[in-house]
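# Pasting the sequence and the predicted model now:
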Amino acid sequence: MFFAAVVPLLPRLSDEFELTKTAAGVLGGSYAAGTLILAIPAGIAAARFGVRRIVILGLLLIAGSAVVFGLAQDAVVLTLARFVQGIGGACTWAGSLAWLVGVAPSERRGELIGAAMGAAIGGILFGPVLGAAAVGVGRGPVFASVAGGALILIAISMRLPRPSAAIRRSGFGIGRVAGSPGVRLGMLLILVPGLLFGAIDVLVPLGMDELGATAGAIAAVFLIAAGLEALIAPFAGRLSDRKGRLAPSRMGLAVGVAGSLALTLPSSATALGIVAILATPGLGILWAPAMAMLSESAERVGVDQALAFGVVNLGWGLGHTLGSWGGPALADVSSDDVTYFAMAALCAAVLLALTARPPRGTRANRTSAPGAR
């Protein structure tokens, strides 16, 4: 929620602190940078000390950084607050998803990861509303409510039964993770949408603002897009359980090509918002299959699931950081369209690679998926 709240705020913050597109991208992408740097350490810590402790640590960081973000009057402090928020996100994401996979039946792993993604997208749904409210009434009171929500989640987590020891697998195995083809492919398929969303989350709000859209209109676009993505995520997970992980992945990459190209066409704020609503939910098809693929591959080589989802954080953080920093920087020296063309080319290259030579050992088809039906 806090991650997505900055979207309608970016135009206001850019005006208030006189930020270029590149500087706005650094502010927007600092969350992902924090997640990127702490991705693997958070996974190792969750494996060593237990998922609940790491989830609670992450929520404490979220609460504190939300207060700082609400009160900050300097762009550097705002950027640092989002960076710490990303560290908290790395902890909660690795711990909670490892907890989920530890109790999930293997034949429903993709579906339940998709459902978890739906919950995450629920936060993204409310995030732009939160940001628009901050434009209207001020950042202080609005982001104090985020901190309060995190403290409530800590209290709930403390009351949940202690996670089963079965959740914790054998060892940490960084080398085994890096050597698994399924892990590498899963990370790539997480990095790609992370990169595209990173660029879109900066360029589309700034583009709509330049074309005359209000903060409320920008928030509405991302609210609707996230709602559609939340509906698609469990479907993509179920499809990957039944048809293999690569079938929906190819669909998501094809949408990435078409959607990126379509973003070059609008000449009005309304048209740009409509294209964003149509393009971005389909790209979210990639998340659940890629995460399930990575989780299964880590399990096959005997690596703790918390570390596997640390790798998920690594892929997302790297992608989103590159997208939110590199995309606007490329747009600053050329144009938004050049960035969108580059995004389309990336999706097309990965799609062609998967189509020409499907990788082995990644549940690429239905017959190789244990428990699929």
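Looks like it came in fine.
# My read is that L330 contacts F341, right?
No. At 10.0 Å, L330 does not count as touching F341 under the criterion of Cβ atoms under 8 Å. To be clear about C-beta, it is placed using only N, CA and C from the backbone, and glycine gets the same treatment.
# The two: who's more crowded?
L330 (21 against 17; other Cβ atoms under 10 Å).
# how close does that one sit to A258?
Distance from L330 to A258, counting by Cβ to Cβ, to the nearest Å: 20 Å.
# What is the subsequent helix or strand relative to the helix-or-strand element of the chain with minimal mean pLDDT?
Among the helices and strands of the chain, helix 174-178 carries the lowest confidence by mean pLDDT, DSSP states H and E, at a mean of 68. The helix or strand immediately downstream of helix 174-178 is helix 181-210, counting by DSSP states H and E.
# List the buried residues for the helix or strand following that next one?
Downstream of helix 181-210, the first helix or strand assigned by DSSP H and E is helix 215-243. In terms of neighbour count (16 or more other Cβ atoms under 10 Å), helix 215-243 has its buried residues at 215-230, 232-234, 236-241, 243.
# So which elements touch the following helix or strand past helix 215-243?
Per DSSP H and E, helix 215-243 leads on to helix 246-262 as the next helix or strand towards the C-terminus. Identification of packing neighbours for helix 246-262 by 3 or more Cβ pairs under 8 Å, 6 or more residues apart in numbering; DSSP states H and E yields helix 181-210, helix 215-243, helix 269-283, helix 287-300, helix 336-356.
# of those helices, which approaches R12 most closely?
helix 215-243 (6.6 Å; Cβ to Cβ).
# And the next helix or strand past the one helix or strand R53 maps to?
Assigned by DSSP H and E, R53 falls within helix 51-71. Sequence order places helix 75-103 as the next helix or strand after helix 51-71, per DSSP H and E.
# So which other helices or strands are in contact with that next one?
Going by 3+ Cβ pairs under 8 Å, 6+ apart, helix 75-103 lies up against helix 2-17, helix 21-49, helix 51-71, helix 109-137, helix 305-321.
# and these, which is most packed in?
Each of these was scored by mean neighbour count; the highest is helix 305-321, a mean of 28, by mean count of other Cβ atoms under 10 Å.
# Let's test this: mean pLDDT of it, rounded?
Taken as a whole, helix 305-321 carries a mean pLDDT of 84.
# Quick check: next helix or strand after it?
Next along from helix 305-321, by DSSP H and E: helix 327-333.
# From the rest of the structure, what touches that following helix?
20-22, 24-25, 195, 198-199, 202-203, 206, 338-339, 342-343 (Cβ atoms under 8 Å, 6 or more residues apart in numbering).
# So for that helix, what gets flagged as buried?
G327, P328, A329, L330, A331, D332.
# Pull it out as PDB, backbone CA atoms only.
Written as PDB, here are the backbone C-alpha positions of helix 327-333 (Å, rounded to 0.1, in the frame of the first residue of the first chain):
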ATOM      1  CA  GLY A 327      13.300   4.300 -17.600                       C
ATOM      2  CA  PRO A 328      12.800   8.000 -16.600                       C
ATOM      3  CA  ALA A 329      16.600   8.700 -17.100                       C
ATOM      4  CA  LEU A 330      16.300   7.400 -20.700                       C
ATOM      5  CA  ALA A 331      13.100   9.400 -21.100                       C
ATOM      6  CA  ASP A 332      14.900  12.500 -19.900                       C
ATOM      7  CA  VAL A 333      17.600  12.200 -22.600                       C
END
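# quick one: it to chain centroid distance?
21 Å (Cα atoms, centre = their mean, to the nearest Å).
# Take the helices and strands packed on helix 75-103 and write them to CSV, including distance to L100.
Output for the helices and strands packed on helix 75-103, formatted as CSV (distance: least, Cβ to Cβ, whole Å):
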stretch, distance to L100
helix 2-17, 19
helix 21-49, 12
helix 51-71, 9
helix 109-137, 6
helix 305-321, 9
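# I156 is nearest to which of the ones you listed?
Of all these, helix 51-71 sits nearest to I156, with 9.8 Å by Cβ to Cβ.
# quick check: angle from that closest one to helix 2-17?
20 degrees (axes from the mean of the first three to the mean of the last three Cα atoms, to 10 degrees).
# helices or strands next to helix 51-71 in the packing?
By 3+ Cβ pairs under 8 Å, 6+ apart, helix 51-71 packs against helix 2-17, helix 21-49, helix 75-103, helix 139-159.
# If you average pLDDT over each of the ones you listed, which is lowest?
Of all the helices and strands packed on helix 51-71, mean pLDDT reaches its minimum on helix 2-17 (a mean of 85).
# Which secondary structure elements does that one sit against?
Using 3+ Cβ pairs under 8 Å, 6+ apart: helix 2-17 touches helix 21-49, helix 51-71, helix 75-103, helix 109-137, helix 139-159, helix 181-210, helix 215-243.
# could you dump the second one to CSV, C-alpha only?
Coordinates of each C-alpha in helix 51-71 appear next as CSV, following Å, rounded to 0.1, in the frame of the first residue of the first chain:
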residue,chain,number,x,y,z
VAL,A,51,9.5,-16.4,9.6
ARG,A,52,7.4,-14.7,12.2
ARG,A,53,10.2,-12.7,13.8
ILE,A,54,11.3,-11.4,10.4
VAL,A,55,7.7,-10.5,9.4
ILE,A,56,7.4,-8.5,12.6
LEU,A,57,10.7,-6.8,12.1
GLY,A,58,9.6,-5.8,8.6
LEU,A,59,6.3,-4.4,9.9
LEU,A,60,8.2,-2.3,12.5
LEU,A,61,10.4,-0.8,9.8
ILE,A,62,7.2,-0.1,7.7
ALA,A,63,5.6,1.7,10.6
GLY,A,64,8.6,3.9,11.4
SER,A,65,9.4,4.8,7.8
ALA,A,66,5.7,5.7,7.2
VAL,A,67,5.9,8.3,10.0
VAL,A,68,9.1,9.8,8.6
PHE,A,69,7.7,9.9,5.1
GLY,A,70,4.6,11.7,6.4
LEU,A,71,6.6,14.4,8.2
